[in-house]
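Novice: coordinates for the following, if possible.
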Amino acid sequence: GGRWPPRGCQRDPGGLGTRRRVVRRAMSRDVGQEIDMQTLAPMFGMRGRSEPDYLEYDIRGRGYFEKTFFNCGVSFLSGMTVGGVYGAGEALRQAPVGATFRVKTNALMNGFGKRGSAAGNSLGAIAFLYTTNEWFAETLKVDQALGGYDFVNPIAAGVSTGLLYKCMAGPRALVLAGLIGGVASATLHFAPVR
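Specialist: Residues are numbered from 1 along each chain as shown. Coordinates of the predicted model:
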């Protein structure tokens with residue numbers, strides 16, 4: 001240990017030098033001594049032992065942004081994986097017969113990127129539309145207006161997602177997409193949970 005404070009420095013009674021001495025004194029104590037958490041608890045934002053610590057809980061489940069990030073992420077990754085595998089297989093089937101390993105690898109990666117990104121983006125957009133429509137249905141209390149059934153909001157969200165996703169493809173595709181969205185969300189809602 002050298003001299004503290006160094007030569008030429010003045011000691012400030014309530015300043016940095018005092019704090020450094022306190023820290024040095026605390027560090028030189030025996031490590032085996034117990035620390036009283038009651039005195040440290042307010043410093044870390046904790047309450048004393050007499051008060052219970054409650055977790056934040058929303059009775060309606062996860063919030064809109066949590067659902068959106070989860071649904072979009074899972075849908076994008078699923079679409080990227082399935083579409084990429086399909087695209088890679090398609091590219092390998094269409095590769096020239098006597099192609100070198102390098103050409104086949106290039107075709108594989110191009111096919112994976114082309115089909116995977118398209119499928120991932122499509123499923124991510126559908127998940128975003130579904131989550132937003134379900135949030136609107138919950139906010140507007142559509143299920144209570146239609147008899148209080150719990151399956152109304154997901155099915156309404158599925159139908160409106162299909163309608164919005166194919167709204168520019170013509171009336172036939174619009175109705176078909178709405179029907180597919182409603183049937184898919186009803187199937188997911190009524191599927192037994194294991």
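
Novice: which residues does Ser185 contact?
Specialist: Shown in contact with Ser185 (C-beta atoms under 8 Å, 6 or more residues apart in numbering): Tyr130, Pro154, Ile155, Ala157, Gly158, Val159, Thr161. (Glycine included, C-beta is placed from N, CA and C.)

Novice: isn't the last one right up against Leu123?
Specialist: No - judged on C-beta atoms under 8 Å, Thr161 makes no contact with Leu123 at a distance of 11.6 Å.

Novice: these two: which is more packed in?
Specialist: For Thr161 versus Leu123, neighbours defined as other C-beta atoms under 10 Å are more numerous around Thr161 (27 against 21).

Novice: from Asp143, how far out is the more buried one?
Specialist: Separation of Thr161 from Asp143 (C-beta to C-beta, to the nearest Å): 17 Å.

Novice: where does the prediction get shaky in the protein?
Specialist: For the chain, the stretches with pLDDT under 70 are 1-38, 40-55, 57-60.

Novice: just the helices in the protein please.
Specialist: All helices of the chain, identified by DSSP state H, fall at 16-28, 37-40, 64-94, 101-139, 142-145, 152-165, 171-190.

Novice: can you tell me which of those is most buried?
Specialist: Neighbour counts (mean count of other C-beta atoms under 10 Å) averaged over each of these peak at helix 152-165, with a mean of 22.

Novice: does anything pack onto it? Which helices or strands?
Specialist: The contact analysis (3 or more C-beta pairs under 8 Å, 6 or more residues apart in numbering; DSSP states H and E) places helix 152-165 against helix 101-139, helix 142-145, helix 171-190.

Novice: spit out the contact partners of the spatially closest residue to Tyr86 that is not a sequence neighbour.
Specialist: Closest residue in space to Tyr86, ignoring its immediate chain neighbours: Arg115 at 5.4 Å, by C-beta to C-beta, 6 or more residues apart in numbering. By C-beta under 8 Å, 6+ apart, the contact list for Arg115 reads Gly83, Gly84, Tyr86, Gly87, Ala88, Glu90.

Novice: 6 Å instead?
Specialist: By C-beta atoms under 6 Å, 6 or more residues apart in numbering, Arg115 lies in contact with Gly83, Tyr86, Gly87.

Novice: closest to Thr139 out of these?
Specialist: Gly83 (32.7 Å; C-beta to C-beta).

Novice: wait, that closest one sits on Asn121?
Specialist: No - counting by C-beta atoms under 6 Å, Gly83 stays clear of Asn121, with 9.4 Å between them.

Novice: re the thing from before, same list (the contacts of Arg115) but as JSON lines, adding distance to Gly181.
Specialist: Formatted as JSON lines, the contacts of Arg115 follow (distance: C-beta to C-beta, whole Å):
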{"residue": "Gly83", "distance to Gly181": "19"}
{"residue": "Tyr86", "distance to Gly181": "22"}
{"residue": "Gly87", "distance to Gly181": "25"}
